[in-house]
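Peer 1: Could you work out the structure for the sequence below:
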Amino acid sequence: MQTHISFIIKTCFFHLRRIASIRRYITHDVCVMLVVSLIFSRLDYSLLAGLPASSIHGLQRVQNAAASLTLRKTKRDHISPLLRSLHWLPVNTRISYKLSTLVYKCLNDSAPEYLQSSLDLYTQPSDRPLRSAADPLRLHIPRSKLASAGQRAFPSTGPSVWNSLPLELRQSPSLDAFKSRLKTQFFP
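Peer 2: Numbering: from 1, shown residues only. Presented below is the predicted three-dimensional model:
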């Protein structure tokens, strides 16, 4: 995976240098549109859930550079206020956001069938009552034989991120309401 991440980082910085060369000629809105279409499309493509923080750090550097370029700040400026002003989630939180949104779509029949079939609702053992019985939207997290690749697969990471969300959030009536509440939940 490190080769793939390195290629994404290299490509994103190439596009950021090209945008930086024309930054003084374009408006803020056009710059945001270019960054979202050229940079974030690649960051979203690299939905790398379950990887160590050292692997995600390079992608976060790309996002920080994009925020600095968009708002015309130097690399010495603190990045958190810049990301907040642009309403951009940090990369590790963005991965959780994308996974949670995909699980919501799967549970509401708006995702592909092969993804929907990979998720199962948690069923409580009949011999003893558990506190989780009050949670109707809890998903079963399957055990995997491969510790590295199996735990990073969607059937494992999706339910673990989903089960960590508050119940009120998981019971959102529509996708738009879910996304809005989820971004509020995740925003630093």
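Peer 1: only C-alpha atoms for contact and neighbour calcs from this point on.
Peer 2: Will do.
Peer 1: List of residues touching the helix or strand harbouring C12?
Peer 2: Element membership for C12, per DSSP states H and E: helix 2-22. With contact meaning CA atoms under 8 Å, 6 or more residues apart in numbering, helix 2-22 is reached by 31, 34-35, 38-39, 42-43, 46, 55, 58-59, 62, 65-66, 69.
Peer 1: Where does the residue lying closest to K105 once chain neighbours are set aside sit: helix, strand or coil?
Peer 2: Spatial nearest neighbour of K105, chain neighbours left out: A111 (5.3 Å); criterion: CA to CA, 6 or more residues apart in numbering. Of the three states, A111 takes coil according to DSSP: H, G, I helix; E, B strand; the rest coil.
Peer 1: Run a quick neighbour tally on H57.
Peer 2: Counted with other CA atoms under 10 Å, the neighbours of H57 add up to 13.
Peer 1: same question, the one 10 residues further on
Peer 2: As a burial measure, A67 scores 24 neighbours (other CA under 10 Å).
Peer 1: can you pull the pLDDT of it?
Peer 2: With respect to pLDDT, A67 scores 95.
Peer 1: quick one: it and L82 touch, right?
Peer 2: Yes. With contacts counted by CA atoms under 8 Å, A67 reaches L82, the gap being 6.3 Å.
Peer 1: Can you list which of the contacts of helix 2-22 are found in helices?
Peer 2: Counting by DSSP state H, the contacts of helix 2-22 place C31, L34, V35, R42, L43, S55, G58, L59, V62, A65, A66, L69 in helices.
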